[in-house]
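*Asks:* Kindly generate the corresponding structure for this input.
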Amino acid sequence: MIKLIAVDLDDTMINDQLEIPLPNIEAVDRVRQQGIRLVLATGRMHTRAMPYAQMLKLDSDDIIISYNGALVQKINGERLAAIPLEYSLALEIVEYCQAQGWTLNVYDHDQLYVARIDANVDYYMRMTGAEAHPVGDLVKFVTERHITPYKLLIVSSNAQENARDMKLIQQHFGKLVQVTQSKQRYVEITHVAATKGNALAQVAALLGIDSTEVMAIGDGGNDTSMIRWAGIGVAMGNAAPAVQAAADFVTKSNNDAGVAFAIERFI
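*Replies:* Residues are numbered from 1 along each chain as shown. Have a look, this model is predicted:
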C-alpha cells in the first residue's frame, strides 16, 4: 500500500504553461483525503516551490525537498536536513565556470545570484519565476560572503552546449559533486550526497514509511535516484529514455496530466 508520493515539479507536476493541470490537483486531493502524504521533490529553491504547494493546498507540516535534495524543509520553515556544497569546492567550481564564460546561478539563503542578466538568465527566470540578483564578479562575491551554496546551476543556450558543459563539469568535478540534468539547458551541481533519492529516503524514515510504500514520479536525470529508490518508480511520458528505463512504469506526459494518470493507476 502506498503511503507516500514524491513528485517532481517542472515537466512533471506542472505542464509546459507552468500550470498544474486540474486532474493533477484533483488526484492529489483525493489521495491526501485517504491519509497519503505528498512530498514535492524539486531542483528549485524552496521559495519557488511554495506557490505550487499552495495550489495543491498542502499543510504547513508537509515537506518540500528542494535543490535536488540539498535541503529538506517543511512548508512552515522547519528545516529537517541540509547538505550544502563546501565553500572551497564551490569556489573552485565558480572560478572554473566563470573562466569558461558560462552563465552560472549561485543559490544562497533562497536567493539567486548571477554575474549579469543575460538571455540565459532571462530564460531561467521565466521558467521558475525566480528573481536573479546580478553581482558582477561571482568569484569575488562568493569569496567575500564565504558562500556555501545548496546548488550551482549552469544555464546553457541549447541542448548541444548543455551536453558539452555537463561533460566538462563531470570530467573536472564529477567525483566530488553530484552532476545532473533537469531541463535540456540546465546542468545542476550539488553536494555528492545531495540527491532526491537520498532526501526521499530521509523523509520516509522520518515518517516511518518503508521504500516499498513510496511512489516517486519524475522526468529528469535529477529524478532518477528517487525513481530507482521508491517501491514504485514512475517516469513521465516526456522523460528522457534513460529516465524511463529506470522506472517501473511510464505514465502520460506532463501536458496530459501524467501525475494523475499514475496515481489513478496505482492507488
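
*Asks:* Do a quick rundown of the strands in the stretch 151-267 of the chain.
*Replies:* 152-155, 177-180, 186-191, 214-218, 232-235, 249-250 (DSSP state E, counting those that start in this stretch).

*Asks:* among these, which is nearest residue 36?
*Replies:* Between residue 36 and these, the tightest spacing by Cβ to Cβ is seen for strand 214-218, at 9.1 Å. Glycine gets a C-beta too; all of them are placed from N, C-alpha and C.

*Asks:* ok, that closest one: who's next to it in the sheet?
*Replies:* With DSSP bridges as the test, strand 214-218 is paired with strand 4-7 (parallel), strand 232-235 (parallel).

*Asks:* Relative to residue 107, which of those is closest?
*Replies:* Taking Cβ to Cβ, strand 4-7 is the member of these nearest to residue 107, at 21.1 Å.

*Asks:* The next helix or strand after that closest one packs against which elements?
*Replies:* The C-terminal neighbour of strand 4-7 among helices and strands, as given by DSSP states H and E, is helix 22-33. The contact analysis (3 or more Cβ pairs under 8 Å, 6 or more residues apart in numbering; DSSP states H and E) places helix 22-33 against strand 37-41, helix 258-266.

*Asks:* coming back round to it: could you dump the strands paired with strand 214-218 into CSV and include mean neighbour count and mean pLDDT?
*Replies:* As requested, those are exported to CSV (neighbours: other Cβ atoms under 10 Å; pLDDT from 0 to 100):
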stretch, mean neighbour count, mean pLDDT
strand 4-7, 26, 98
strand 232-235, 26, 98
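
*Asks:* that older thread, can you add mean pLDDT and give the helices and strands packed on helix 22-33 back as a markdown table?
*Replies:* Shown next, in a markdown table, are the helices and strands packed on helix 22-33 (pLDDT from 0 to 100):
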| stretch | mean pLDDT |
| --- | --- |
| strand 37-41 | 98 |
| helix 258-266 | 97 |
